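# Sequence and predicted structure are below.
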Amino acid sequence: MSTTPKPSPTRTRSRKKTVLVTGAAGALAQQVINRLRGKYQIVAVDFRELTYLSDDIPSYKIDFTKRVFEDLFKTYAFDSVIHLGRISSSEETRLRRYNANVLGTQKLLDLSHKYGISHVVVLSTFHVYGASPYNPALIEETAPLKAAELTMDLVDSVELENLANIYLWRYPDLNITILRPCNIVGPGVKNTMSRLLSHSFSPVLMGFSPMMQFIHIDDMADAIELAHRQPIRGVYNVAPNDWVSYQEALDQCNCTGIPLPSIPPVLPKAITRLMNLKMFPSYLVNYFKYPVVINGKAFEKKFGFKPQRPLKEIFRYYKEVKD
Amino acid sequence: MGLKSYLKNLLVSKELDAHLDRIEKPVGTLGFDPWGFNLETSKIALAFFASAYERYFRVKTNGVDNVPSQGPVLIIANHSGQLPIDGILIGYAVANREKDPRYPRAMIERFFPTVPFLGNLLNQLGAVLGDPTNCARMLENDEAVIVFPEGIRGSGKLYKDRYQLQRFGSGFVHLAMKHNTPIVPVGVVGCEETIPAIANIKPLAKMLGVPYVPVALPFIFPAKVILNFGKPIYFENEDLTEEQVTRRVEKVKKAINGLIAKGLEERQGVFE
């Protein structure tokens, strides 16, 4: 474990393939690493904090936009990259998120191209579709990404996707697989949705309870591991074929909804901004008003993915956390 | 959940519960489908609408069995009466029929999802945002879909224009052809008289972001409603010009006009 990569004694490839996993401090990356452990030589990196994983997994805290990041590629002959290191929209400032998510990803993809990496898995989010009242249900991967048009705070998510898409076509040898999951929840997950389900009281918009999809962190880790197994280029939604309204999800987790005034539309945004509610950021308000239901069938079919944890099991965890 | 169970026990009779359980609906593990349809809520709502259907509007239905017992079908009707009462009554008629009941899905105007409470409630009852993608998915799922091709032009029209069909959109014919779906025309008589409007306050509607604000009494009149379901119309899936498609739209419009005329002839009086 160190903060700067040291040259390895020999630069010859070990028998095991080497994979770079970004976002190592997150619960999802650790689940993915657990699935790859033993089969691959893993190198973990995070730009937020240094995480000890185990003695056989080198772990680094590096800003992807800095030159020292390239030393990792020189030190280890990576075969593939799993890029989970996204700062989520509830963390950090807009500028820092843009630097890390967009410029950091660009650097990562440039280096991947330069060092001949043959497969890159990029984690995106369903937020890129944007929460609009005119969204049809079961949005497919070809739908326009409207999030940036609705809020500047999600520009980095959309830009990251656009960037990955450009590299996907410009450098086909990178075999970029972009995954757009629905709400990832479960033990250890610290995103907005997971926090809301963990609390005994969480905000709801009066008169709105959009349909939502949830995927257990273990299922999502399985999905990433599956996507990493074969270099298939493309963009895929990842979501189980099950749906529940937001308020019903809160009920299932023994969480009481605190209604916020919902109209006129500026009111809930102003309230959340004034109160600086981290658990309910103002730019995500529309996701608690209008549904963004995605169609995960293409991923299921192409990769043979079958989520194993039903909604009830997911919500049971949040219920037990409160007991 | 507590309130829902309470209302269900209070309103839904065992017979209605058993009747509605005969209808197969692909829902997830918690009783919802991707569009927000919820089995429990729709049972409560149908029980609630039963008295409106039977006693208040004393609905008379002819030919409801023209709606096929399975497979995709587009139920196309004239729209009237400011509120979507016609959609609810058609839906109830098909869900409550003795032979092969079905839960039809109504395509609703685009402003409904922005209305608190009502948008969600309509979704839970099976109504879906009137988007071609949604409609296509519904047909692929073998659903019975209610469409009012006049849209707000029909529901928002004034009393003086009653029973005059407004311009029909052609999207439903394109979808019917693409998905080899029969069209069942329906002539609705009576809903025009439920909320007669004499004017539309357009500036207020624009300010509120709603399609229209009618000048009408704040009361729903108990007009007698007659629903005439016509024979299914089938269109071949051919590569047609928009003009040829419009001719097919006119054919459906003509069938609906005929069913409306039949209903008006049948009606003894507005409230009888």
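Now that the structure is in, tell me what you want to look at. Keep in mind that what you see is a predicted model, and the values were worked out from it rather than measured.
# Any chance of the backbone angles for the residue nearest to B:L74 when sequence neighbours are not counted?
Nearest non-adjacent residue to B:L74, counting by CB to CB, 6 or more residues apart in numbering or on different chains: B:I183, 4.9 Å away. Yep, even glycine has a C-beta here, placed from its N, CA and C like the rest. B:I183 adopts backbone torsions of phi -110, psi 120, taken as degrees, to the nearest 10.
# Was I right to think B:I183 contacts B:F229?
No. With contacts defined as CB atoms under 8 Å, B:I183 does not count as touching B:F229, sitting 11.4 Å away.
# And for the residue nearest to B:L74, the neighbour number?
Residues within reach of B:I183, counting by other CB atoms under 10 Å in any protein chain shown, total 23.
# show me the contacts for B:K202.
Contact partners of B:K202, counting by CB atoms under 8 Å, 6 or more residues apart in numbering or on different chains, are B:212-213.
# wait, A:L154
Counting by CB under 8 Å, 6+ apart, A:L154 touches A:89, A:127-128, A:130, A:147-148, A:283.
# can you tell me which of those are in helices?
If you go by DSSP state H, those have A:147-148 in helices.
# of all the contacts of A:L154, which comes closest to chain B?
When the contacts of A:L154 are compared for distance to chain B (CB to the nearest CB), A:G130 wins out at 13.9 Å.
# For chain A, which helix extends over the most residues?
What stands out as the longest helix in chain A, according to DSSP H, is helix A:155-170.
# Which one of the residues in the stretch 151-272 of chain B is closest to chain A?
Counting by CB to the nearest CB, the stretch 151-272 of chain B gets nearest chain A through B:G209, at 9.1 Å.
# That residue - how many residues pack around it?
Around B:G209 there are 12 other residues, counting by other CB under 10 Å.
# Kindly state the pLDDT recorded for it?
pLDDT, B:G209: 74.
# Now do the contacts for it.
B:111, B:114.
# now with 7 Å?
B:F111 (CB atoms under 7 Å, 6 or more residues apart in numbering or on different chains).
# cool, the one 3 residues further on as well?
The neighbourhood of B:Y212, defined by CB under 7 Å, 6+ apart, consists of B:152, B:156, B:200, B:205.
# show me where the stretch 1-150 of chain A has strands.
For the stretch 1-150 of chain A, strands defined by DSSP state E, counting those that start in this stretch occupy the ranges A:18-22, A:41-46, A:59-61, A:80-83, A:119-123.
# Helix, strand or coil: sort out B:F168 for me.
Here B:F168 is recorded as coil under DSSP: H, G, I helix; E, B strand; the rest coil.
# For it, give its distance to B:Y234.
For B:F168, the distance to B:Y234 equals 18 Å [CB to CB, to the nearest Å].
# The two: which is more packed in?
Set B:F168 next to B:Y234 and count neighbours by other CB under 10 Å: B:F168 wins out with 23 against 11.
# pretty sure that one is touching B:V249, no?
Yes. Contact criterion CB atoms under 7 Å: B:F168 and B:V249 qualify, at 5.1 Å.
# pretty sure the residue nearest to B:L74 is touching B:I233, no?
Yes. Counting by CB under 7 Å, B:I183 touches B:I233, with 4.6 Å between them.
# list the residues that contact both of these two?
What both B:I183 and B:I233 touch, as defined by CB under 7 Å, 6+ apart, is the set B:V252.
# how about the helices in the stretch 51-200 of chain B?
For the stretch 51-200 of chain B, applying DSSP state H, counting those that start in this stretch gives helices covering B:85-96, B:118-124, B:132-140, B:152-155, B:171-178.
# Tell me how many other residues crowd the nearest residue to A:A100 once chain neighbours are set aside.
Leaving aside its chain neighbours, A:A100 sits nearest to A:I87 (5.0 Å; criterion: CB to CB, 6+ apart). Neighbour count of A:I87, defined by other CB under 10 Å: 19.
# same question, B:K43
21.
# State the helix or strand in which it lies.
Remark: B:K43 resides in helix B:39-51, with elements defined by DSSP states H and E.
# can you list the contacts of A:L154 in JSON lines and add pLDDT and neighbour count?
Conversion of the contacts of A:L154 to JSON lines gives the following (pLDDT from 0 to 100; neighbours: other CB atoms under 10 Å in any protein chain shown):
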{"residue": "A:S89", "pLDDT": "60", "neighbour count": "23"}
{"residue": "A:H127", "pLDDT": "93", "neighbour count": "25"}
{"residue": "A:V128", "pLDDT": "93", "neighbour count": "23"}
{"residue": "A:G130", "pLDDT": "93", "neighbour count": "24"}
{"residue": "A:A147", "pLDDT": "83", "neighbour count": "27"}
{"residue": "A:A148", "pLDDT": "73", "neighbour count": "18"}
{"residue": "A:Y283", "pLDDT": "83", "neighbour count": "19"}
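# which two from the contacts of A:L154 end up farthest apart in space?
The two members of the contacts of A:L154 with the most space between them (CB to CB) are A:V128 and A:Y283, at 13.4 Å.
# backbone phi and psi for the residue nearest to B:G151 when sequence neighbours are not counted, please?
Spatial nearest neighbour of B:G151, chain neighbours left out: B:E109 (6.2 Å); criterion: CB to CB, 6+ apart. For B:E109, the backbone dihedrals are phi -60, psi 160 (criterion: degrees, to the nearest 10).
# where's B:E109 relative to B:G169, distance?
The gap separating B:E109 from B:G169 is 12 Å, by CB to CB.
# So which of those two has more stuff around it?
The residue with more neighbours, out of B:E109 and B:G169, is B:E109; 18 against 15, by other CB under 10 Å.
# Identify the residues contacting that one.
Neighbour list for B:E109: B:130, B:151-152, B:211 [criterion: CB under 7 Å, 6+ apart].
# Give me the pLDDT value at A:T12.
47.
# Over to B:K178?
96.
# So, low pLDDT: which residues of the chain?
In the absence of a named chain, this looks at chain A. Within chain A, the stretches with pLDDT under 70 are A:1-15, A:88-91, A:150.
# To clarify, I was referring to chain B.
Along chain B, segments meeting pLDDT under 70 span B:1.
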